[in-house]
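*Asks:* Structure of the sequence below:
(one chain, ligands or ions: 1)
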Amino acid sequence: MAVKKGKKEKKKKVEKKIHTKYEKKGDKLERKNPFCPKCGAGYFMAAHHNRKTCGKCHYTEFIKKEK
Ligand SMILES: [Zn+2]
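*Replies:* Below you'll find the model as predicted:
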């Protein structure tokens, strides 16, 4: 009875998925999330359903829904 021992999965290196912060719109790339105005370029703000929050300084910006 050959029972294969489960191979331990090697942990993959977690790369910074900065490319996920960009979205291709037509022929130009558009940032999904803006940079934090307090922390500056490089610090993306996390998008929530009604607000954007900086993970560093927790600056929050509310998103106005456009009709
Ligand atoms: Zn910030």
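
*Asks:* So Ala46, which state does it fall into?
*Replies:* Per DSSP: H, G, I helix; E, B strand; the rest coil, the secondary structure class of Ala46 is strand.

*Asks:* That one: how many residues sit nearby?
*Replies:* 13 (other C-beta atoms under 10 Å). C-beta: built from backbone N, CA, C; applies to glycine.

*Asks:* How many residues are close by the residue lying closest to it once chain neighbours are set aside?
*Replies:* Beyond its immediate neighbours in the sequence, the residue positioned closest to Ala46 (C-beta to C-beta, 6 or more residues apart in numbering) is Thr53, lying 5.2 Å away. In terms of burial, Thr53 registers 17 neighbours under the definition other C-beta under 10 Å.

*Asks:* again with the one 10 residues further on
*Replies:* For Ile63, the tally of surrounding residues (other C-beta under 10 Å) stands at 11.

*Asks:* Can you verify my assumption that it contacts Lys52?
*Replies:* Yes - under the criterion of C-beta atoms under 8 Å, Ile63 lies in contact with Lys52, with a separation of 6.4 Å.

*Asks:* of all the residues in the chain, which ones are close to the ion?
*Replies:* Within reach of the ion by C-beta under 5 Å from the ion, the chain has these residues: Cys36, Lys38, Cys39, Cys54, Lys56, Cys57, Tyr59.

*Asks:* Filter the residues you listed down to the buried ones, PyMOL style.
*Replies:* Only the buried members of the residues of the chain next to the ion enter the following PyMOL selection, criterion being 16 or more other C-beta atoms under 10 Å:
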select buried, resi 36+54
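
*Asks:* Since that was my last question, I'll sign off now.
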